[in-house]
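Enquirer: Structure, please.
(one chain, ligands or ions: 1)
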Amino acid sequence: MTLKKINPTTTNSWEKLNSHFDEIKNKKIVDLIDKRANGNNFNLNWKGFHVDISKNIIDNTTLNLLFELAKECDLKDAITKQFSGNLINETENRAVLHTAVRAKKDCKIEVDSINIVPGLNKTKTRIKDFTNDILSGKLRGSTNKVFTDVVNIGIGGSDLGPVMVVEALKYYSSNLNSHFVSNVDGDHVLEVIKNLNPETTLFIVVSKTFTTQETLSNANTIKNWLIKKLNKSSVSQHFAAVSTNQNAIHDFGINPDYVFPMNDWVGGRFSLWSAVGLSISLSVGYNNFEALLDGANEMDDHFKSSEFDSNIPVILGLLSIWYNNFFKAETEAVIPYTQYLNRLPAYLQQAIMESNGKSVDRSGKPVCYQTGNIIWGDTGTNSQHAFFQLIHQGTKLIPCDFIGFKFPLHKENKQHHKLMSNFFAQTEALMLGKSESLVDKELKNSKMTQKQINFLKPFKVFKGNKPTNTILIDKLTPKNLGALISMYEHKIFVQGIIWNIFSYDQWGVELGKQLASKVLDEINQNKVSKHDRSTTSLLKKYLSD
Ligand code: G6Q
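Expert: As a prediction, the model looks like this:
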C-alpha cells in the first residue's frame, strides 16, 4: 500500500493555521511563555533527552492546529506504512526500511512476504566478527602485520553518515585510525594515503550501486597504489566492500569473505546503520556500534507509539513546517555545543535537503507551497564568533536547534560550565533581544555624549523574538547519538508526509552522476561538442594550453 496523497493546503487546519498565524505572528515569545496555561507540553522528556520547545512563537492553539494538520494528512497511517515495509518510495518502487536494520533481533518485518530480520541479523554477526578479528589482530594485512588504519572510500550517503558518527564518537575510539576519502578530487585521495603504511591499512569501498564515479576512481587509484607498494595478491587482504552489486565487487577482486551486503530498501543517506557503518564499527568497536543502533531503535519506538503531543520528531517536524510555510523562514540552523558533532550540520544537510528538496507532489503535480528547508550550522561556541551576528541582528528569521549535553565526556574537563553557559545564554538572548531603553541605560552609564548615544543606540538594539529549540541530552554516548540521528530522520519523514512529497528518491543527485561522464568523454577526447555558449567557452578555456 502506498502513501495517501493529500495536499496540505486544502485541509481545514491549514486554513485555520493561516488565520491563527495572523493573530500570533507579532507576539513576543517571552509573553507567550508567561501566559502559557497548562495543556500542551512545551518540555518533552524522553529517556536521556530533554527537549524544550517553549522558546517558539507558538501557543496551545498553534500546537493543537499543527496536530490537527498531522491528523488530516494521516501521518499515523504513513508511519504504520513506513515501519511495515509498504512501498512508500513509489518512484523507485521500494520500501523504506532503515528502521528494520536497527530493529530488535527477534522482530518480524516482511518485504515481499519474506521476513528480512534473520538476514539482517546475519549481516550484523558478520560485522561483529570482522570488527573483532581486525581489532584483535586475528585478521591481518598481506605481510602479516596488524592493521593500524582504516580508510572508508565512498561518497554521499556512503560517506557522510559514517564520517559524522566516527567523528562524534571519537572519545570511544578503538586502536584503529580512521580516514575518509570521498571527493573525486585526486588531491584528496593522494593527500589521505600519502602518509599511510600500505602494509597496515585496510580499505573499505562503500557503494550501494558500485557504479559511482568518485568511489570507483578513488578505489582504483588506491588499488594501483597498493599493488605498486606491495603486490597484486595483497588486494584480497587489504580491501573490503559494502554494496548491493555483488558482481561488480567480484570483478574488482575483493575477497568474498570481506564483502558485506546492503539492501535496496535502505536509502544511501539513511544507511549508516547497515553494513555501510562498517567503518563506524571498526572505529569504536562492535558493542558501541550496536549501542548506536539500539538508541536509534528506541527513538523509532517513541516515534511509532507516542501520541503526537508527546512525540519529539512529530513536534519538531511540525514546528519546522510552522516556520517554513507560515512565517516563510527559508533556512534552519543546527548548532551543536560539542566539537564532537562538528560534522552533524553537513550530515543533516544531505539527509534533510536531499530528502525534502522536492517541488512535485505525490500526484506528480507542482507543489504550490514551500517544501525542504535549507539547513546549515556549525558548532557553538565557534559559530557565535562567526555567523551568529546575522541570526541576532540580520533581516532573516532563522529558527535554530541548539543541541547540548548535560555532562562532558572527559572527567578532567573543567570548561563544560563555560560551554553550557553560552548554550543557555544564547537562546535566552535570541528570545529576549535587547530593548532600546536598556541600551540607552547602558550607554548613559558610559562617558559618552548624548549625541554619541543617539548615534550608537539603533546599532546596539536587538529585536529578539528569534525562535529556538533546546535539545539537552544527558551525555554524548553511542546510544544517545543513535537516538538523536533517528530523531532527525523521523522529523524529515513527518515533513515529507505533510508536504505530500516523496522523501526517499533523489533524481537531482542521479542527474549529476549522468552529466559529468558526458563532459569527461569530451575532455578526454579533447573535443567539445554542443553546449550552451557559456559552457562551450569554459570547456575550451580548460582545454587550451
Ligand atoms: C543518498 C544518495 C547519494 C548516494 C551517493 C553514493 O541517499 O543517493 O548520496 O549515497 O551518490 O552512491 P553509492 O553508494 O551508490 O556509491
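
Enquirer: dump the residue contacts of residue 434.
Expert: Contact analysis of residue 434 by Cβ atoms under 8 Å, 6 or more residues apart in numbering lists 460-462, 464. Quick note: C-beta positions are derived from backbone N, CA and C, even for glycine.

Enquirer: for the ligand, what are the nearby residues on the stretch 301-450 of the chain?
Expert: By Cβ under 6 Å from any ligand atom, the part of the stretch 301-450 of the chain that sits against the ligand consists of residue 354.

Enquirer: Show me the strands in the stretch 301-450 of the chain, by range?
Expert: Taking DSSP state E, counting those that start in this stretch as the test, the strands found in the stretch 301-450 of the chain are 331-336, 374-376, 400-405.

Enquirer: For the residue of the stretch 401-545 of the chain found nearest the ligand, give me its contacts.
Expert: Closest residue of the stretch 401-545 of the chain to the ligand, Cβ to the nearest ligand atom: residue 506 (4.7 Å). Residue 506 is in contact with 267-268, 354-355, counting by Cβ under 8 Å, 6+ apart.

Enquirer: for residue 216, same thing?
Expert: Applying Cβ under 8 Å, 6+ apart to residue 216 gives the contacts 207, 210.

Enquirer: in the helix or strand encompassing it, what counts as buried?
Expert: Using DSSP states H and E, residue 216 maps to helix 213-229. Of the residues in helix 213-229, 214-219, 221-223, 225-227 count as buried by neighbour count, 16 or more other Cβ atoms under 10 Å.

Enquirer: From those residues, pick out the ones that also neighbour the ligand.
Expert: Near the ligand, by the rule Cβ under 6 Å from any ligand atom, you find residue 215 out of the buried residues of helix 213-229.

Enquirer: List just the nearest of the buried residues of helix 213-229 to the ligand.
Expert: residue 215 (5.0 Å).

Enquirer: Find the nearest non-adjacent residue to the closest one, please.
Expert: In this structure, residue 215 finds its nearest non-sequential neighbour in residue 207, 4.5 Å apart by Cβ to Cβ, 6 or more residues apart in numbering.

Enquirer: and what of residue 516?
Expert: Leaving aside its sequence neighbours, residue 516 sits nearest to residue 213 (Cβ to Cβ, 6+ apart; 6.6 Å).

Enquirer: list the contacts for that neighbour?
Expert: Here residue 213 is in contact with 184, 513, 516-517 (criterion: Cβ under 8 Å, 6+ apart).

Enquirer: switch the cut-off to 10 Å
Expert: Going by Cβ atoms under 10 Å, 6 or more residues apart in numbering, residue 213 touches 155, 184, 512-513, 516-517, 520.

Enquirer: Tell me which entries of these lie within helices.
Expert: In this view, the contacts of residue 213 that belong to helices under DSSP state H are 512-513, 516-517, 520.

Enquirer: Please spell out which residues along stretch 252-267 are buried.
Expert: Here stretch 252-267 shows 252, 254, 258-263, 265-267 as buried, counting by 16+ other Cβ under 10 Å.

Enquirer: picking up where we left off before, want to throw the strands of the stretch 301-450 of the chain into JSON lines with mean pLDDT and mean neighbour count?
Expert: What follows is the strands of the stretch 301-450 of the chain, written out as JSON lines (pLDDT from 0 to 100; neighbours: other Cβ atoms under 10 Å):
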{"stretch": "strand 331-336", "mean pLDDT": "98", "mean neighbour count": "23"}
{"stretch": "strand 374-376", "mean pLDDT": "98", "mean neighbour count": "18"}
{"stretch": "strand 400-405", "mean pLDDT": "98", "mean neighbour count": "24"}
